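Asks: Turn this into a model:
(2 chains)
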Number of protein chains: 2
Amino acid sequence: MKTTAALSRLFAGIQADLDLVDKTFQERATSGLDILNTASMHAISSPGKRLRTALTLLSGKLNTYRFQKLLLLSVAFEMTHLATLIHDDIIDEASTRRGHPTVNALWGDKISILLGDYYFAKTAGLIADIEDPRIDHLFSDTVATVCEGTILEIMTSGNADLSQETYFEKIKNKTACLFAACSKGGAIISGASPEEIERLHAYGQHLGIAFQIIDDILDYTQDQSTIGKPAGNDLRQGMVTLPLIYALEDESQNGYRQQVQSLLTQTTHKEEDITAIVGWVTRGNGVKKSLLDAHAHGNKAREALYHFPPSPDRDVLDELIDFVLSRNK
Amino acid sequence: MKTTAALSRLFAGIQADLDLVDKTFQERATSGLDILNTASMHAISSPGKRLRTALTLLSGKLNTYRFQKLLLLSVAFEMTHLATLIHDDIIDEASTRRGHPTVNALWGDKISILLGDYYFAKTAGLIADIEDPRIDHLFSDTVATVCEGTILEIMTSGNADLSQETYFEKIKNKTACLFAACSKGGAIISGASPEEIERLHAYGQHLGIAFQIIDDILDYTQDQSTIGKPAGNDLRQGMVTLPLIYALEDESQNGYRQQVQSLLTQTTHKEEDITAIVGWVTRGNGVKKSLLDAHAHGNKAREALYHFPPSPDRDVLDELIDFVLSRNK
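Replies: Numbers count the residues shown, from 1 in each chain, chains lettered A, B, ... in the order given. Modelled structure (predicted):
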């Protein structure tokens, strides 16, 4: 688990606080209903969920570190993220996530819908305990925007003519919005100035965009053993992402558009068709161009960050950009 | 539309405020995404959604009427209710509600999941604007409890041995909890004393229990033309409700248990089997006993209400109990 080791090293300075966030998450997620507890414990045992918490805490460290409030915000955002993942897995009809069975695979769609709703409800209680109207609205706006992003994703799926512009709007709303809310929320709680809040918001947003582009690249370049899902998964779901958009824009490759369009709208797929398109996208310039975009957003994140004076915590947020850009799972 | 006329007469004194709640609901439910607006407008056009608002406003009138805050709370609770209905219709695989096609029937499950989530998010923003931590927690606890009630409903469906106790726990959490939150929230905002808040909470809870029992009775006694869904719908869904529980408790009728149990777990049903069980339940004492229970809870609601001095607004809350008990759709 090279990635986990790299993150552990990066987050060594906030390790104790990250552990407290985990502990509080578990306390707040409990219910009188056994099945809710079992499903919760299952869902929160998946890896890769500390990124948003780290972002919240580290952003909060650039000014006055108010851990008790940041703790509540971190748990709230991890819970929001989990609620959206649980609902996403229903929408995507996904049976595994990072190698683990999804909640819908284990308990069915009905329980999964309600488990997500239950988490949204619990999140509202955590946000209320922070007692800051700016955080209340940040939370409400963020969840609404994530929903809008996901709806846009559903509505544009199966369409080979998806524009770069719509792609970026989609990932900004669906993914980057929550990253931006974490760093902005950390800034608000720590008493940052309006300019600093705006800069940390920009940092989180560009980091989130870079994160999603890399995610979309990995869907083409990595296989099941590394990322816990088969390569070409987005294609199977009819989802058009940046590497494919660039590949389709390459006029010398025009012959493929028809084939891609038909693949995107099929409900069952021949594995060789998926493999052929995955191979075509990875051989061309689609991946390379997407990687350049990810790096451009990484640079914008860095630019926003460099308005803050150098500090060990700024260094970690800086290294986090490199981590997001170089991750391979 | 006898029922609507009766409600209009009952709510004449708060008609202008009810209209303002509707207007604000529409303003707050808008989005940059067209499909969200269309789906929202469709969902909020269904009738029968003013009961919770009236409960909130009228409870608020028993002390200092603070309409601006009650307006926000009313919109929030109507939106919460709508979000749960949209998700319920996915869970129940319902294609119509009160004679109108459901959101999932028109736009599919995926959009419906997200529309519900979107409403939850918007609700959090409304609640935040009230700026009262007690309301924040009332909202969070209420939505969590409604989810728990719905999960209990799913887990106990298909089981002919459902106890009265579990049935009442289910309807208390799934339905009555939101009624209780409306009257309690109205009391909190109007500056009621802790005792008065507790009494209005009890009023709403008993009213809600009575409401749900009547709903469950109507599912046996009324047909599609009156309630907008076919009689025996709960049976088709595998849902065991109070009239059936009482019918099954009648030992002289023991021969039916096997037949009911097998009907509850079937995925497709012969219409004559449904009609036979509906007939058996309505001919026996199940409906009569359920009606007695509904009236007992109506009386408890009245008892809680009569701690308040007589006033025209108390009279309306009083008549609301009669309306809930005597409604036929």
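Asks: From here on, just use CA atoms for contacts and neighbour counts.
Replies: Noted.
Asks: Which residue is the nearest non-sequential neighbour of A:Leu7?
Replies: A:Phe323 (7.9 Å; C-alpha to C-alpha, 6 or more residues apart in numbering or on different chains).
Asks: Going by secondary structure, that neighbour is in what exactly?
Replies: In the assignment (DSSP states H and E), A:Phe323 maps to helix A:312-326.
Asks: Quick check: the residue nearest to A:Leu7 vs A:Phe308, distance?
Replies: In this view, A:Phe323 and A:Phe308 are 20 Å apart by C-alpha to C-alpha, to the nearest Å.
Asks: And A:Ser163, by the same measure?
Replies: 35 Å.
Asks: So if I had to pick from these two, which one is more boxed in?
Replies: Taking other C-alpha atoms under 10 Å in any protein chain shown, A:Ser163 and A:Phe308 do not tie; A:Ser163 has more neighbours (17 against 14).
Asks: Can you report phi and psi for the closest residue to chain B within the stretch 201-329 of chain A?
Replies: Nearest residue of the stretch 201-329 of chain A to chain B (C-alpha to the nearest C-alpha) works out as A:Gln237 at 13.2 Å. Dihedral angles of A:Gln237 (phi, psi; degrees, to the nearest 10) stand at phi -80, psi 0.
Asks: Just give the number of residues close to it.
Replies: 20.
Asks: With A:Thr282 instead?
Replies: Under the neighbour criterion other C-alpha under 10 Å, A:Thr282 is assigned a count of 17.
Asks: Buried residues of whichever helix or strand A:Asp22 is part of, list them for me.
Replies: Secondary structure assignment for A:Asp22, by DSSP H and E: helix A:15-28. By neighbour count on 16 or more other C-alpha atoms under 10 Å in any protein chain shown, the buried set for helix A:15-28 is A:Asp17, A:Leu18, A:Val21, A:Asp22, A:Phe25, A:Arg28.
Asks: would you list every one of the helices in the stretch 1-150 of chain A?
Replies: Under the criterion DSSP state H, counting those that start in this stretch, the stretch 1-150 of chain A carries helices at the ranges A:2-10, A:15-28, A:34-44, A:51-61, A:67-91, A:103-130, A:133-156.
Asks: winner for burial among those?
Replies: Each of the helices of the stretch 1-150 of chain A was scored by mean neighbour count; the highest is helix A:51-61, a mean of 25, by mean count of other C-alpha atoms under 10 Å in any protein chain shown.
Asks: okay, the angle between it and helix A:312-326?
Replies: 150 degrees (axes from the mean of the first three to the mean of the last three C-alpha atoms, to 10 degrees).
Asks: on contacts alone, who are the packing partners of helix A:51-61?
Replies: With contacts taken as 3 or more C-alpha pairs under 8 Å, 6 or more residues apart in numbering or on different chains; DSSP states H and E, helix A:51-61 sits against helix A:15-28, helix A:67-91, helix A:177-189, helix A:312-326.
Asks: Let me have the helices of the stretch 1-150 of chain A in a markdown table, extended by mean pLDDT and distance to B:Arg257.
Replies: A markdown table is the format used below for the helices of the stretch 1-150 of chain A (pLDDT from 0 to 100; distance: least, C-alpha to C-alpha, whole Å):
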| stretch | mean pLDDT | distance to B:Arg257 |
| --- | --- | --- |
| helix A:2-10 | 78 | 56 |
| helix A:15-28 | 90 | 41 |
| helix A:34-44 | 68 | 28 |
| helix A:51-61 | 95 | 53 |
| helix A:67-91 | 91 | 36 |
| helix A:103-130 | 90 | 27 |
| helix A:133-156 | 92 | 45 |
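Asks: To B:Lys174, which of those lies closest?
Replies: Closest approach to B:Lys174 among the helices of the stretch 1-150 of chain A is made by helix A:103-130 (11.8 Å; C-alpha to C-alpha).
Asks: Report how many residues lie close to the residue nearest to A:Ile321 when sequence neighbours are not counted.
Replies: Leaving aside its sequence neighbours, A:Ile321 sits nearest to A:Gly298 (C-alpha to C-alpha, 6+ apart; 5.9 Å). Neighbourhood size, A:Gly298 [other C-alpha under 10 Å]: 26.
Asks: which strands and helices sit next to the helix or strand A:Gly298 falls within?
Replies: Here A:Gly298 sits within helix A:286-305, counting by DSSP H and E. On a contact count with 3+ C-alpha pairs under 8 Å, 6+ apart, helix A:286-305 meets helix A:194-221, helix A:242-249, helix A:312-326.
Asks: List the contacts of A:Phe308.
Replies: A:Leu62, A:Arg314 (C-alpha atoms under 8 Å, 6 or more residues apart in numbering or on different chains).
Asks: Can you pull the residues of chain A lying near chain B?
Replies: Counting by C-alpha under 8 Å from any C-alpha of the partner chain, the residues of chain A close to chain B are A:33, A:87, A:91, A:109-111, A:113-115, A:117-125, A:128-129, A:131, A:133, A:136-137, A:139-141, A:143-144, A:147-148, A:150-151, A:154.
Asks: 6 Å instead?
Replies: A:91, A:110, A:114, A:118, A:121-122, A:124-125, A:128, A:136-137, A:140, A:143-144, A:147 (C-alpha under 6 Å from any C-alpha of the partner chain).
Asks: ok, now how distant is A:Ala187 from A:Asp129?
Replies: A:Ala187 is 17 Å from A:Asp129, by C-alpha to C-alpha.
Asks: A:Gly99 too?
Replies: 35 Å.
Asks: Also A:Glu165?
Replies: 38 Å.
Asks: how close does the residue nearest to A:Leu7 get to B:Gly208?
Replies: In terms of C-alpha to C-alpha, A:Phe323 sits 53 Å off from B:Gly208.
Asks: Who are the contact partners of A:Asn37?
Replies: A:Asn37 is in contact with A:Thr30, counting by C-alpha atoms under 6 Å, 6 or more residues apart in numbering or on different chains.
Asks: can you do 8 Å?
Replies: Per C-alpha under 8 Å, 6+ apart, neighbours of A:Asn37: A:Ala29, A:Thr30, A:Ser31.
Asks: In the residues you listed, which residue is surrounded by the most others?
Replies: Neighbour max across the contacts of A:Asn37 (other C-alpha under 10 Å) = A:Ala29, 18 neighbours.
Asks: so what's A:Ile111 closest to, chain neighbours aside?
Replies: A:Ile111 sits nearest to B:Ile151 (C-alpha to C-alpha, 6+ apart), 6.5 Å away.
Asks: per-residue confidence averaged over stretch A:214-222?
Replies: Throughout stretch A:214-222, pLDDT has a mean value of 93.
Asks: B:Ile274: which of the helices and strands packed on helix A:51-61 is closest?
Replies: B:Ile274 lies closest, by C-alpha to C-alpha, to one member of those: helix A:67-91, at 31.5 Å.
Asks: How far does that closest one sit from its chain's centre?
Replies: 11 Å (C-alpha atoms, centre = their mean, to the nearest Å).
Asks: Distance-wise, check A:Glu93 relative to B:Asp219.
Replies: When A:Glu93 is compared with B:Asp219 (using C-alpha to C-alpha), they lie 33 Å apart.
Asks: Correct me if wrong: A:Tyr167 contacts A:Thr241.
Replies: Yes: the pair A:Tyr167 / A:Thr241 is scored as a contact, 6.8 Å apart, by C-alpha atoms under 8 Å.
Asks: quick one, which of these two is more surrounded?
Replies: Each of A:Tyr167 and A:Thr241 has its neighbours counted (other C-alpha under 10 Å); A:Thr241 has more, 26 against 19.
Asks: follow-up on the earlier one: where does the residue nearest to A:Leu7 land on pLDDT?
Replies: pLDDT, A:Phe323: 93.
Asks: Determine the number of other residues adjacent to it.
Replies: 16.
Asks: Same check on A:Arg50?
Replies: Neighbour tally, A:Arg50, other C-alpha under 10 Å: 18.
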